[in-house]
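J.: Could you look at this predicted model? Sequence included:
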Amino acid sequence: MGKGFRVGSKNRLLGGAVRIDASAYLIKWDDIQQLVNPSGCAGNGFRDNLGQARSRGFDLRASAPGDSAQRLTSVRHEVRLINHSSERTPS
């Protein structure tokens, strides 16, 4: 199961001549299903709920009108697997 949060803002400045959009997010997952194949089982693995993961990031977009329609975009994204245990044995 996962939980997610996102916050953002869209703005027009200088009478609408400049536009800035920004957002940030955080998503957390628990009990990610993974295939577990213990050594010596000759491919007879099983699926188990293991580990947690986190995804977080932000994006920023800015634009201004003009002959070349100036635009700036920046994105940062990270996904990390945490508390992972593939050494569990079936119960």
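T.: Noted; the coordinates are in hand. Numbers count the residues shown, from 1 in each chain.

J.: Do you know the pLDDT at residue 43?
T.: Note on residue 43: pLDDT of 66.

J.: Just want the most central residue of this protein.
T.: Computing the C-alpha centroid of the chain and ranking residues by CA atoms, centre = their mean puts residue 55 first, at 3.2 Å.

J.: For beta bridges, what are the partners of the closest residue to residue 72 other than its chain neighbours?
T.: For residue 72, ignoring the flanking residues on the chain, the nearest one in space by CB to CB, 6 or more residues apart in numbering is residue 62 at 4.6 Å. No exception for glycine: its C-beta is placed from N, CA and C like everyone else's. Beta bridges link residue 62 to residue 20, residue 72 when assigned by DSSP bridges.

J.: Spit out the contact partners of residue 62.
T.: Neighbouring residues of residue 62 by CB atoms under 8 Å, 6 or more residues apart in numbering: 18, 19, 20, 21, 71, 72.

J.: Please identify the helix or strand for residue 3.
T.: Following DSSP states H and E, the helix or strand that holds residue 3 is strand 2-13.

J.: What are the contacting residues of that strand?
T.: Residues outside strand 2-13 that contact it (CB under 8 Å, 6+ apart): 18-30.

J.: Leaving aside the residues adjacent along the chain, what's closest to residue 22?
T.: Nearest to residue 22 is residue 60, by CB to CB, 6+ apart, at 4.9 Å.

J.: ok, now residue 33?
T.: Excluding the flanking residues, the one nearest residue 33 by CB to CB, 6+ apart is residue 47, at 5.4 Å.

J.: ok, now residue 63?
T.: In this structure, residue 63 finds its nearest non-sequential neighbour in residue 71, 4.6 Å apart by CB to CB, 6+ apart.

J.: Nice, that's everything, thank you.
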